[in-house]
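Engineer: Would you be able to build a 3D model of this:
(one chain, ligands or ions: 1)
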Amino acid sequence: MHGGYLSIIKMIEADIEFEKDAVRIYTEFAEKVHDPQLKELFTEFATSETGHVNGLRRIVQSIKDGEHEVKFYCPVCGWEVSFGKKPEIRDQARCRMCGVIFELVETGGDYDIRRL
Ligand SMILES: [Fe+2]
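Structural biologist: Residues are numbered from 1 along each chain as shown. Have a look, this model is predicted:
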């Protein structure tokens, strides 16, 4: 279940593939170089990229599990407008800074907001 997050999920999954390639390439570099400092550097890069893969996977999983808060920046004042973790389309939320009310909508699989 990831209604409203279609484009975001696609972008994150594409980024995960990019990060996995980086892990593979840095690991190869670490295996092929003879200089111990370079070997350590490439190993650190691979470890760092592995962290990115894991972090991005956790974000995707939290979205699919309905644990990710749906929120937008208020187009009026820039404050956060939250619809909670498991909102329904047409739910309303008031910006806590400027007081404008927004309705949650979905277009092409992506959440958006509409000012009421
Ligand atoms: Fe606002």
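Engineer: use CA for all of it now, contacts and neighbours both
Structural biologist: Fine.
Engineer: What parts of this protein come near the ion?
Structural biologist: Cys74, Val76, Cys77, Cys95, Cys98 (C-alpha under 5 Å from the ion).
Engineer: how about the last one, phi and psi?
Structural biologist: I take that to be Cys98. phi -110, psi -10 (degrees, to the nearest 10).
Engineer: quick one: contacts for it?
Structural biologist: Counting by C-alpha atoms under 8 Å, 6 or more residues apart in numbering, Cys98 touches Val76, Cys77.
Engineer: now it: how far from Glu80?
Structural biologist: Remark: distance between Cys98 and Glu80 (C-alpha to C-alpha, to the nearest Å) = 10 Å.
Engineer: per-residue pLDDT, the closest residue to Arg94 other than its chain neighbours?
Structural biologist: Spatial nearest neighbour of Arg94, excluding adjacent residues (C-alpha to C-alpha, 6 or more residues apart in numbering): Ile101 at 4.2 Å. For Ile101, the pLDDT comes out at 98.
Engineer: and what of the one 10 residues further on?
Structural biologist: The score at Tyr111 is 96. That number is its pLDDT.
Engineer: Wait, a strand at it?
Structural biologist: Yes. With DSSP: H, G, I helix; E, B strand; the rest coil as the criterion, Tyr111 is part of a strand.
Engineer: Tell me how many other residues surround the residue lying closest to it once chain neighbours are set aside.
Structural biologist: Nearest in space to Tyr111, with sequence neighbours left out and distances taken as C-alpha to C-alpha, 6+ apart, is Gly4 at 4.3 Å. As a burial measure, Gly4 scores 22 neighbours (other C-alpha atoms under 10 Å).
Engineer: For Gly4, give its distance to Glu31.
Structural biologist: For Gly4, the distance to Glu31 - C-alpha to C-alpha - is 42 Å.
Engineer: which residues does the residue nearest to Tyr111 contact?
Structural biologist: If you count contacts by C-alpha under 8 Å, 6+ apart, Gly4 has them with Glu106, Thr107, Gly109, Asp110, Tyr111.
Engineer: the strands in this structure, which residues?
Structural biologist: Ranges of strands in the chain, per DSSP state E, are 71-73, 80-82, 92-94, 101-107, 110-115.
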